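Asker: with the sequence up front, the predicted model follows.
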Amino acid sequence: MTTSLNQNIEQTIPTDKDVAVAKIGSQILVSYLQKNYADTSFRLISNGTEGEIVTIPTAALSLLVEILIQMADGNTVSIIPLKKELTTQEAADILQVSRPYLVQLLESGEIPYRKVGTRRRILTQDIINYKNRIDAARSQTLAELSAQAQELNMGY
């Protein structure tokens, strides 16, 4: 089932059948990726009728495999173009924070944005960059805490 958040962002919520089909499809396609083929061609077959041959760039095949893996795990999948400008609510949803908190991040200069009239617009790439920065900082802090716990012989 596909629901459209707006014209450029779609969420795909997998059904039980989707999960089963995605699991099998991802296992088959990942074997093609592991063989490091350049672009891969596939013959499309629908209801027993052979159709055209389609060539898929390796980068697109990697994305398709990741989508199938996520669907096989029952996860919702969203595709958002990196150059798309997001509303504050869309950006907050991606970061899984409240919209007011996101606005604080924007106003403090943590994430670049531009104003269109009275509305703030944020590039998807800037949201991804911010998320990567805070994830890296979080990992670094956890590593430091773990090392400190080892030094103090805390038993874990």
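Answerer: It's in.
Asker: and the longest helix along the chain, what other elements does it pack with?
Answerer: As assigned by DSSP state H, the longest helix anywhere in the chain is helix 124-151. Helix 124-151 sits against strand 85-86, helix 88-95, with contacts defined as 3 or more CB pairs under 8 Å, 6 or more residues apart in numbering; DSSP states H and E. (Glycine included, C-beta is placed from N, CA and C.)
Asker: do that again at 10 Å, thanks
Answerer: Applying 3 or more CB pairs under 10 Å, 6 or more residues apart in numbering; DSSP states H and E, one finds that helix 124-151 contacts strand 85-86, helix 88-95, helix 99-107.
Asker: buried residues in that helix?
Answerer: 124, 126-127, 130 (16 or more other CB atoms under 10 Å).
Asker: do the same with stretch 86-99
Answerer: Going by neighbour count (16+ other CB under 10 Å), the buried part of stretch 86-99 is 86, 88, 90-95.
Asker: who's in contact with stretch 14-25?
Answerer: Residues from elsewhere that reach stretch 14-25 (CB atoms under 10 Å, 6 or more residues apart in numbering): 1, 12, 64-65, 67-77.
Asker: just the closest of those to residue 43, please.
Answerer: Set against residue 43, the nearest of the contacts of stretch 14-25 by CB to CB is residue 64 (16.0 Å).
Asker: could you check how far the closest one is from residue 112?
Answerer: Separation of residue 64 from residue 112 (CB to CB, to the nearest Å): 31 Å.
Asker: before we move on, the earlier item: filter the contacts of stretch 14-25 down to the ones in helices?
Answerer: Mapping those onto helices (DSSP H) picks out 64-65, 67-72.
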